[in-house]
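Chemist: Got a predicted model here, sequence first, then my questions.
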Amino acid sequence: MAETTTIVLVVFLIGAGCIIAFMTAVALSSLGKPLPQAEVSRMGYAARKWWARILGVAVIIAFAVSVPWFPYSGAKVLGSEQHFKVVAQQFSFTLPPSVPSKTPIVFDVTATDVNHGFGIYDPAGKLVAQVQAMPDYVNHLRVDFTTPGKYVVRCLEYCGVAHAQMQSSFEVQ
């Protein structure tokens, strides 16, 4: 973590130094004889054209470099998974009592009244997956359970006065 912080600081300082140097050069260039407006406009449009190109290339490079860290590389297409219907309503969940372990599971999540959050916590209390439960819409949440045990489901969207007590559970066997 300290190494990452050091890298960020160094990059920031280099960037800040470049900006300060550029602004100093601009300030020093204004000390000379004033240029006619046509010349200033021509130079401004040329600088803007190059700046747009440089910025475009930088954005493309940043995108290409960051692709490996996108969170979607593990996304899988729905197919032969077991589907379980989940219905959220104030202030409870209707869900299966148990689901199999080491089997692709898809929770088909909806709500009957208002928006709810559907957050699944593993036996250690760590958030495993979450999705919105919305009226008149079904969200499909794919989860692969590898650890058997009791999983707790909590509402993650404020849904009313008893929101804090809205939770349920199921067993992974």
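Modeler: Everything's here; your move. Numbering: from 1, shown residues only.
Chemist: Tell me the secondary structure of residue 132, please.
Modeler: Residue 132 falls in the strand class when you classify it by DSSP: H, G, I helix; E, B strand; the rest coil.
Chemist: Would you agree it is in contact with residue 110?
Modeler: No. Using C-beta atoms under 8 Å, residue 132 is not in contact with residue 110; the gap is 9.9 Å. Using the backbone N, CA and C atoms, a C-beta is placed for each residue, glycine as well.
Chemist: Residues in contact with both of the two, list them for me.
Modeler: residue 139 (C-beta atoms under 8 Å, 6 or more residues apart in numbering).
Chemist: The protein - how does it break down into domains?
Modeler: Split into domains by automatic domain parsing, the chain comes to 2-69, 82-172.
Chemist: just those: most buried one?
Modeler: domain 82-172 (a mean of 16; mean count of other C-beta atoms under 10 Å).
Chemist: Quick check: mean pLDDT of that one?
Modeler: For domain 82-172, mean pLDDT is 89.
Chemist: Give me the distance from it to the chain's centre.
Modeler: Distance of domain 82-172 from the chain centroid (C-alpha atoms, centre = their mean, to the nearest Å) equals 20 Å.
Chemist: How about stretch 37-54?
Modeler: Centre-to-centre, stretch 37-54 and its host chain are 37 Å apart (C-alpha atoms, centre = their mean).
Chemist: quick one: contacts of that stretch?
Modeler: With C-beta under 8 Å, 6+ apart, stretch 37-54 has contacts from residue 35.
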